[in-house]
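[1] The sequence and its predicted three-dimensional model are supplied below.
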Amino acid sequence: MDRETRVFAESHFRGLRGRLPGGVCPTPDRVDFIETPDSFSYTDFFKGYLLPNVPCVFSSAFTEGWGSRRHWVTPSGKPDFDYLLQNYGTSLPRAYSPCLCTSHPTGSTSTGTPWMWTTTVSSTWGPLAPGQEEALRDCHGSLPFDVTAPAFLDSRLCPVPKHCSPPLEVTQEAGEMVFVPSGWHHQVHNLEDTISINHNWVNGCNLANMWHFLQQELCAVQREVSEWRDTMPDWHHHCQVIMKSCSGINFEEFYHFLKVIAEKRLLLAKEIDPGEVECSERSGLGPQQTIFDICRIAEVLASVVVNPDFQRVDTSMFSPRPEDLLQQLEEVVAATESL
């Protein structure tokens, strides 16, 4: 990341202040197809897709060097199940495949939907922008398992509000990658046998979305067990336990997640030479990306420490304490404003 990109990103987030992430977003009318790796940089991806949170498809040229594409498929391009069984047995995760990669920048296993399916060698995707899925909920608040089911397509049984945008349809071929942005509900219809490689991650662009999601998850748990609030000892702690069992993470673990990333970025920040704050895109995590990440972590952590439910978490054994870590981050942010 160069300085111009960081300044551009910080301006983007300043424009979002005061607005909760995860609101209703319009669905674009198409999904861009990225053809050539040599003419597409990380900055292009960051500014064009990661920051605005819109999908795109990468051609198979991006995965040509993957060993999985050479060893896990037959000469005809089909999954070589005999090879996989011989070399990996039952240890190979079922979500991995040589044929394609689907990326979901959410960082939480529970941010998918009941109608999120696994992809295949050739498949059709139906992504829907954040907030649009609300029009698909039934009278119980549940999302459909299959948005292509005949009953769901019957407007008399499941009337869809006129303001709901239709989902995009993308056909993914062998070796291609689909970037599914944070919060985008999606369903995939498999056209052929295969296994897919899926990767979920959290970054500076969607960290606030993850924090907002966790707050929503806790509120949902609290509503479900609200009738025992006055009779259950340590009710708030039990809500965190239930939340973890449902979402795979609770507020305590979210803080430790932030701490691990923050401490790594703080170490890198100490090595930043004010006279050399730029770096090439292929040289790894550079000074500008480090500064950007610290700014985003600091902003989210500032929201965490004042959250009433987080304040009920026992942080006496945390090292560093959340307030102390936030102070360290804010000091670096102030010191690097001119870089």
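    The structure has been received and is ready for your questions. Model, not experiment: these values are computed from the prediction. Numbers count the residues shown, from 1 in each chain.

[2] Give me the helix or strand of the chain that scores worst on average pLDDT.
    Taking mean pLDDT, DSSP states H and E as the measure, the chain has strand 101-104 as its least confident helix or strand, at a mean of 34.

[3] what about the residue lying farthest from the centre of the chain, distance to S247?
    Most distant from the centre of the chain: T231, at 37.2 Å, with distances by Cα atoms, centre = their mean. For T231, the distance to S247 (Cβ to Cβ, to the nearest Å) stands at 25 Å. C-betas here are computed from N, CA, C, even on glycine.

[4] cool, and R6?
    Taking Cβ to Cβ as the measure, R6 falls 31 Å from S247.

[5] how about the residue lying closest to F251 once chain neighbours are set aside, secondary structure?
    Leaving aside its sequence neighbours, F251 sits nearest to F310 (Cβ to Cβ, 6 or more residues apart in numbering; 5.0 Å). Following DSSP: H, G, I helix; E, B strand; the rest coil, the label given to F310 is helix.

[6] burial measure for F310, as a count.
    21 (other Cβ atoms under 10 Å).

[7] show me the residues around it that make contact.
    Contacts of F310 were listed using Cβ atoms under 8 Å, 6 or more residues apart in numbering, and they are 251, 255, 304, 322.

[8] Assumed D230 was part of a strand.
    No: assigned with three-state DSSP, D230 falls outside any strand and is coil.

[9] so where's the stretch 1-150 of the chain uncertain?
    By pLDDT under 70, the weakly predicted segments of the stretch 1-150 of the chain are 17-27, 90-150.

[10] Show me where it has its helices.
    Ranges of helices in the stretch 1-150 of the chain, per DSSP state H, counting those that start in this stretch, are 3-16, 42-45, 67-71, 81-88, 150-153.

[11] Of these, which is nearest I272?
    helix 3-16 (12.1 Å; Cβ to Cβ).

[12] Packing partners of the closest one?
    helix 287-305 (3 or more Cβ pairs under 8 Å, 6 or more residues apart in numbering; DSSP states H and E).

[13] For the helix it packs on, output the C-alpha coordinates as PDB.
    C-alpha atoms of helix 287-305 as PDB (Å, rounded to 0.1, in the frame of the first residue of the first chain):
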ATOM      1  CA  PRO A 287       4.700   1.000   6.500                       C
ATOM      2  CA  GLN A 288       1.500   2.500   5.000                       C
ATOM      3  CA  GLN A 289      -0.400  -0.800   5.400                       C
ATOM      4  CA  THR A 290       0.900  -1.000   9.000                       C
ATOM      5  CA  ILE A 291      -0.300   2.500   9.800                       C
ATOM      6  CA  PHE A 292      -3.700   1.800   8.100                       C
ATOM      7  CA  ASP A 293      -4.200  -1.300  10.200                       C
ATOM      8  CA  ILE A 294      -3.300   0.400  13.400                       C
ATOM      9  CA  CYS A 295      -5.800   3.200  12.700                       C
ATOM     10  CA  ARG A 296      -8.500   0.700  12.100                       C
ATOM     11  CA  ILE A 297      -7.800  -1.400  15.100                       C
ATOM     12  CA  ALA A 298      -7.600   1.700  17.300                       C
ATOM     13  CA  GLU A 299     -11.000   2.800  16.100                       C
ATOM     14  CA  VAL A 300     -12.700  -0.500  16.700                       C
ATOM     15  CA  LEU A 301     -11.000  -1.100  20.100                       C
ATOM     16  CA  ALA A 302     -12.200   2.400  21.200                       C
ATOM     17  CA  SER A 303     -15.700   1.200  20.600                       C
ATOM     18  CA  VAL A 304     -15.000  -2.100  22.300                       C
ATOM     19  CA  VAL A 305     -13.800  -0.600  25.600                       C
END
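
[14] F40 is in contact with I34, isn't it?
    Yes: counting by Cβ atoms under 8 Å, I34 is a contact partner of F40 at 5.3 Å.

[15] which of these two has more neighbours?
    Per other Cβ under 10 Å, whichever of F40 and I34 has more neighbours is I34, with 20 against 17.

[16] hey, what's that one bridged with?
    On the basis of DSSP bridges, I34 is bridged to F58.

[17] domains in the chain, as residue ranges please.
    The chain resolves into domains spanning 3-200, 207-335 when parsed by automatic domain parsing.

[18] now for the first one, what's the gap between its first and last residues?
    The first and last residues of domain 3-200 sit 27 Å apart, counting by Cα to Cα, to the nearest Å.

[19] With the last one instead?
    Across its full length, domain 207-335 reaches 22 Å between end residues, using Cα to Cα.

[20] Now F46. Nearest residue, chain neighbours left out?
    Per Cβ to Cβ, 6+ apart, closest to F46 is T5, 6.2 Å.

[21] Give me the neighbour count for the one you found.
    20.

[22] Would you check that it makes contact with S41?
    No: counting by Cβ under 8 Å, T5 does not reach S41; the two are 10.0 Å apart.
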